[in-house]
Every structure is written in C-alpha cells, then in structure tokens.
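> Whatever this is, show me its structure:
(one chain, ligands or ions: 2)
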Amino acid sequence: MDAPVKPLKPATTSQVALPRPTKEEAEAAVRTLIAWAGDDPNREGLLDTPARVAKAYGELFAGYGQDAAAVLSKTFKEVGGYDDLVLVRDIPFYAHCEHHMVPFYGKAHIAYLPHDGVVGLSKLARLVEVFARRLQTQETMTAQIIDAINENLGPRGAAVMLEAEHMCMTMRGIKAHDVKTVTHRFTGVFAEDRVEQDRFFAMVAGRR
Ligand SMILES: Nc1nc2c(ncn2[C@@H]2O[C@H](COP(=O)(O)OP(=O)(O)OP(=O)(O)O)[C@@H](O)[C@H]2O)c(=O)[nH]1
Ligand SMILES: [Zn+2]
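Ligands and ions are numbered 1, 2, ... in the order given. Below you'll find the model as predicted:
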C-alpha cells in the first residue's frame, strides 16, 4: 500500500507566491487523478506513471523557469543597414489551455520592423516556447509575445499571429473538429498602417 496522499499546499492566484510542491506531492496528485479517472494507480502499468508525469511536466511547463528578456538579450547590428520587415512564420508550438489543462497547438507568425539591429531568428522561436510552455489562453500568449518583443527590441512595429487547435474543443465539450482559432496583435507601424498589416497577412499566407 502506498503512503496516504499528502494534501497539496493551498493554491493562490499568484504564480510567483505559489510555494512549489515537492516531487512526492506532485506524484501523489497524479495518483489521485488516476483514481479520479477510474483506474487503479497501484496496478503494474501505472506504478511509474506519476513519476513520468511529474518529469514530463518539467518539460511541458518549462516556460515558468524561462525569461523572455534573456532570450532576446543579444542583437546584431551588422546587417548592411537592413531595417525592413523580418517575418518568421510557421513556428510550431504546443501549449496547455489554462481552463482544462489540455493541449492547444498550432503555429505562430512573428514579424517586426527593426529599429537598432536584429535578433537571431531562432530567438523568436525560443520566445514562443517561453510562453507556450505554461498554462495559457491563446489571447494572453499573443499579448505576451508581442509585449516581450516591444520591451526588449524596441522595434518600429511588431505583428504576432497565432493559429491553433484547442483540444478542449475537439476531443471533449463541443467536439468541434478542425476548428482553428486565430489571434493577432499589431503594434507601432503595424497598428497605424493598414498597408503594413496587409503586407504581414500576405507574407504569412506565403503570397510574398
Ligand atoms: N478565450 C479563450 N477561451 C478558451 C481558450 N482555451 C479554452 N477556452 C475556452 O474556455 C471556456 C471555458 O468555459 P467554461 O464554461 O468555464 O468551461 P466548460 O464547461 O468546460 O466549457 P465547454 O468547453 O463549453 O464545455 C470554453 O469555452 C473553452 O473553449 C483560450 O485560449 N481562449
Ligand atoms: Zn480548454
């Protein structure tokens, strides 16, 4: 018989103030959920599952330990004076919806108009990871990505679009398959100029 499940520490609304439970407490919580699902956490096939889930959470929610400012800290100024639009499109991401804790996944498209140098292209994909690997809403994630770009790169303009499928809408609930949710936000020149917005949409669609 396993030791009785220790109670989890009380939840707070603040991510920062929340005391981190121990690995043993996390594993006990997984055992509780297995039993809640209707299975026996003590049967052989499930014995190692709580430890695996706790370990997987470290990867799936790694974003809490990452810092957008650090990801965007290095810029390059030697780009031949290039200051036109840079678009990195089709960045794949996997996030978890904060309502049901099931995945939503899709693609992010990020564009910016450089002001004083450019950032390494991989860093924009890393930035998406920083915010995807948390409990999220698609809207919050869109806003966090563009805010981080503005705060750390100070571009003349930025544009972010996310297209995602929410599994809480496909495998449960309304069970609406192939539904895509699209969010986008524009700042700076992109917010002011419809021509720039249209250029962004055309480039995201691969037409330019
Ligand atoms: N705006 C927004 N809603 C989301 C996101 N992810 C999931 N949701 C929605 O969150 C809502 C939660 O609604 P509730 O009525 O509180 O929960 P529920 O009874 O499980 O809702 P149903 O999914 O309709 O069964 C649902 O409408 C989900 O589709 C997201 O990223 N953004
Ligand atoms: Zn959901």
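
> now the strands: where do they sit in the protein?
Secondary structure of the chain, counting by DSSP state E: strands at 75-76, 86-97, 103-113, 118-119, 135-136, 157-166, 181-188.

> CSV for those strands, including distance to ligand 2 and mean pLDDT?
C-betas here are computed from N, CA, C, even on glycine. Compiled in CSV, the strands of the chain are given as follows (distance: least, C-beta to the ion, whole Å; pLDDT from 0 to 100):
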stretch, distance to ligand 2, mean pLDDT
strand 75-76, 36, 93
strand 86-97, 3, 98
strand 103-113, 7, 98
strand 118-119, 32, 96
strand 135-136, 10, 98
strand 157-166, 6, 98
strand 181-188, 11, 98
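
> do you know which of the ones you listed lies nearest G206?
Closest approach to G206 among the strands of the chain is made by strand 86-97 (7.8 Å; C-beta to C-beta).

> how about stretch 95-114 as CSV, C-alpha atoms only?
What follows is stretch 95-114, C-alpha atoms only, in CSV (Å, rounded to 0.1, in the frame of the first residue of the first chain):
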residue,chain,number,x,y,z
ALA,A,95,0.7,25.0,-25.1
HIS,A,96,-1.9,23.9,-22.5
CYS,A,97,-5.2,25.7,-22.0
GLU,A,98,-5.5,27.1,-18.5
HIS,A,99,-9.2,26.1,-18.3
HIS,A,100,-8.9,22.4,-18.9
MET,A,101,-5.1,21.8,-18.9
VAL,A,102,-5.3,20.0,-22.3
PRO,A,103,-3.2,21.0,-25.2
PHE,A,104,-3.8,23.6,-27.8
TYR,A,105,-1.2,23.7,-30.6
GLY,A,106,-0.6,25.4,-33.8
LYS,A,107,1.7,27.9,-35.4
ALA,A,108,3.0,31.3,-34.5
HIS,A,109,3.9,34.0,-37.0
ILE,A,110,6.1,36.9,-35.8
ALA,A,111,7.2,40.0,-37.7
TYR,A,112,8.9,43.1,-36.6
LEU,A,113,10.4,46.2,-38.2
PRO,A,114,13.9,46.5,-36.8
